[in-house]
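>>> take this sequence and fold it.
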Amino acid sequence: MDFQPGRVILGKIVLTCIGFAGIAVAEPGGAAAPPDIFSPASTPAHWIYHLALFGVAICLAIFLVVFSLIAYSAIKYRKRPSDDDREPPQIYGSNQVELAWTVIPILIVVVLFLATARVIHAIQDARFPGNAIEVTAIGHQFWWEFRYPGYGFTTANELHVPVSERGYSIPTHITLLSADTDHSFWVPQLAGKTDLIPNRRNETWIEPHEVGHYVGQCAQYCGTQHAKMLLNVMVASPDDFRKWVRQQKSPAVVSDRVAAGRKEFEKNACTNCHTITGTVANGKFGPDLTHLMSRTTIAAGAAPNNEKNLLLWVTEPDAIKPGCLMPAMQLDQQHVQELVAYLMSLQ
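Below is the predicted model of the structure:
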């Protein structure tokens, strides 16, 4: 992906104005450039982007016409030294002018309405081919759960999808649900934002055209850690996506060297909230940890996924994400080290 500083800065300004500020994004290497609404990389985002440009072009044309008329009037009818102090002739009405400023705005509104309705219809009523990827995204305070019903596994915070190549379209249809309060799914370079409302089913879809890592965020205030509820979308080639699917479908492989950590995990409250395939852990309140170390971040993008941060996350989660629902485990140092060694083995 091309990284264009000027466009990124402009994008940050716009995103800040509309409430998409505070995104902590890592740089390349597991990472993505900052979200940029001016670099669409998916079919719905392209349509929205061009609709926005069309609206801006009309507004600019209106501004230029009005400004030109004001400038012309100010210059042509300015008071000159030779003018006397008499009031100029007054015009008390013009049917032609009144008709113009009524009909022209109506036509402009109709054109904008039709253009917008066309894009909304194209996005909301899109038909998907048989090879479309089905994903159910569930918003939690303050993380994302991604279920792949066609493949039979669940992951968290990082949405993996295949790229659509020329002549071979692979869109991803996303069902949006909420587990608690209002959330909003928005990855600016891939699609428009769509809300997740409790007890309501919403839908969106993406069709990325470029391999890469795209960052979004919950765009609806949902609590204290709303700003740290990031969305990471990993777009891979179809072959790489299939490899990732095979990895996610496999059970966690645990070596004997971390058996003590697995025992520590299973005897504590971890199993009430988390699932690890192949173990007794089948909790649904927290992220599925079966392949925890295949993810680049923990706590929905709040920190890089490494041993140091896992130690801190287990012992003092509020240090990474104040107000989160993850409890401090209150374990001694040896048991924490064993538990983290086990988590590090979940590839």
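
>>> which element is the closest residue to Thr275 other than its chain neighbours on?
With Cβ to Cβ, 6 or more residues apart in numbering as the criterion, Thr275 has its nearest non-adjacent residue at 4.6 Å, and that residue is Asp288. Every residue, glycine included, has its C-beta placed from N, CA and C. Assigned by DSSP states H and E, Asp288 falls within no helix or strand.

>>> pLDDT at Asp288, what is it?
Confidence at Asp288, expressed as pLDDT, is 91.

>>> what's the answer for the one 10 residues further on, then?
With respect to pLDDT, Ile298 has a value of 91.

>>> quick one: mean pLDDT for stretch 185-205?
Per-residue pLDDT over stretch 185-205 has a mean of 94.

>>> just the terminal-to-terminal distance for it.
Criterion Cα to Cα, to the nearest Å; first-to-last residue distance in stretch 185-205 is 11 Å.

>>> now that stretch: buried residues?
185-197, 202, 204-205 (16 or more other Cβ atoms under 10 Å).

>>> please apply the same query to stretch 35-52.
35-45, 47-49, 51.

>>> hang on, the earlier thing: determine which two of the buried residues of stretch 185-205 are furthest apart.
Using Cβ to Cβ, the two most remote members of the buried residues of stretch 185-205 are Gln189 and Ile197, lying 24.1 Å apart.

>>> re the thing from before, ok, the buried residues of stretch 185-205 vs Pro149, which is closest?
Of all the buried residues of stretch 185-205, Trp205 has the smallest distance to Pro149: 15.4 Å, by Cβ to Cβ.

>>> and the closest residue to the closest one other than its chain neighbours, how close does it get to Thr296?
Of all residues not flanking Trp205 in the chain, His173 sits nearest, at 4.8 Å (Cβ to Cβ, 6+ apart). Here the criterion is Cβ to Cβ, to the nearest Å. By it, His173 lies 24 Å from Thr296.

>>> and for Cys218?
Counting by Cβ to Cβ - Cys218 and Thr296 are separated by 18 Å.

>>> more neighbours: which of the two?
Cys218 (28 against 19; other Cβ atoms under 10 Å).

>>> hey, what's the more buried one bridged with?
Cys218 has these beta-bridge partners by DSSP bridges: Phe185.

>>> and the pLDDT for it?
The predicted local confidence for Cys218 is 92.

>>> would you confirm that it contacts Phe142?
Yes. Using Cβ atoms under 8 Å, Cys218 is in contact with Phe142, at 7.5 Å.

>>> between the two, what contacts are shared?
Contact criterion Cβ atoms under 8 Å, 6 or more residues apart in numbering; residues shared by Cys218 and Phe142: 226, 229.

>>> ok, now which ones touch Thr315?
By Cβ under 8 Å, 6+ apart, Thr315 lies in contact with 328-329, 331, 336.

>>> same question, Ser169
129, 207.

>>> buried stuff in the helix ranked longest in the chain?
Longest helix of the chain, by residue count under DSSP state H: helix 43-76. Buried positions in helix 43-76, judged by neighbour count with 16+ other Cβ under 10 Å: 43-45, 47-49, 51.

>>> again, but for stretch 104-120
For stretch 104-120, the neighbour count (16+ other Cβ under 10 Å) marks Val119 as buried.

>>> pLDDT averaged over that stretch, what's the number?
In the prediction, stretch 104-120 has an average pLDDT of 95.

>>> just the CA atoms of it, as CSV, please.
The C-alpha coordinates for stretch 104-120 follow below in CSV (Å, rounded to 0.1, in the frame of the first residue of the first chain):
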residue,chain,number,x,y,z
ILE,A,104,-32.1,25.1,-8.8
PRO,A,105,-31.7,24.0,-5.1
ILE,A,106,-34.5,21.5,-5.6
LEU,A,107,-32.7,20.0,-8.6
ILE,A,108,-29.5,19.9,-6.6
VAL,A,109,-31.2,18.1,-3.7
VAL,A,110,-32.8,15.6,-6.0
VAL,A,111,-29.5,14.8,-7.7
LEU,A,112,-27.8,14.3,-4.4
PHE,A,113,-30.7,12.2,-3.1
LEU,A,114,-30.7,9.9,-6.2
ALA,A,115,-26.9,9.5,-6.1
THR,A,116,-27.0,8.6,-2.4
ALA,A,117,-30.0,6.3,-2.8
ARG,A,118,-28.1,4.5,-5.6
VAL,A,119,-25.1,3.8,-3.4
ILE,A,120,-27.2,2.8,-0.4
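
>>> this completes my enquiry, with thanks.
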